[in-house]
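[1] I need the structure of the sequence given here:
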Amino acid sequence: MIGLSKTTADTTGDIVIYESKDSQIKELSARISRTATLDGGCVITHYGAQDSDRTFRVRVNLNETDSETLKNIFEGSTIIYCSTEIGFFSGAISKFKDNNGEIDLTFLVKEKLST
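    Just a heads-up that it's a prediction; the model follows:
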């Protein structure tokens, strides 16, 4: 279950969705760079993993009303809140695709606000 809402009070600016099993919420990537060296090798630098490196990829089936609500949040809000089983985050929806109620969206995490 995922809750999405605008950061300001708005009765039409929130929705709870039940994501499909192929959604990616728990994935975390690290800040790693790889630089080639003159001897043919490389140097790998690991800067750690932060919540702001997370990208949630969510798939969900919605009715027309809920799809429109989610689209309005996407179009009308720069930063939104996202509540998941792993925490409460602020961030932005970078991609919204509606294929007759089959929704694919990408949420870029800005920061984790609570656990």
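
[2] Residue 81 and residue 87 touch, don't they?
    No. Applying CB atoms under 8 Å, one finds residue 81 not in contact with residue 87, separated by 11.1 Å. C-betas here are computed from N, CA, C, even on glycine.

[3] what about residue 82, distance to residue 55?
    According to CB to CB, to the nearest Å, residue 82 and residue 55 sit 12 Å apart.

[4] Tell me which of those two has more neighbours.
    Counted by other CB atoms under 10 Å, residue 82 and residue 55 do not tie: residue 82 has more neighbours, with 23 against 16.

[5] Enumerate every residue touching that one.
    Contact analysis of residue 82 by CB atoms under 8 Å, 6 or more residues apart in numbering lists 2-4, 56, 88-91, 107, 109.

[6] What segments of this protein are strands?
    According to DSSP state E, the chain carries its strands in the segments 2-6, 14-17, 32-36, 42-46, 55-61, 80-84, 87-99, 102-114.

[7] May I see these organised as CSV, with distance to residue 25 added?
    Listed next are the strands of the chain as CSV, based on distance: least, CB to CB, whole Å:
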stretch, distance to residue 25
strand 2-6, 7
strand 14-17, 12
strand 32-36, 21
strand 42-46, 23
strand 55-61, 5
strand 80-84, 5
strand 87-99, 10
strand 102-114, 9
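
[8] Pick the most deeply packed of the ones you listed.
    strand 80-84 (a mean of 19; mean count of other CB atoms under 10 Å).

[9] Out of the strands of the chain, flag the one nearest residue 23.
    Closest approach to residue 23 among the strands of the chain (CB to CB): strand 55-61, 4.7 Å.

[10] got the contact list for the residue located most distally from the centre of the chain?
    Residue farthest from the centre of the chain, counting by CA atoms, centre = their mean, is residue 39 at 40.1 Å. If you count contacts by CB under 8 Å, 6+ apart, residue 39 has none.

[11] any idea how far it lies from residue 46?
    21 Å.

[12] try residue 14
    The value you get for residue 14 to residue 46, if CB to CB is used, is 38 Å.
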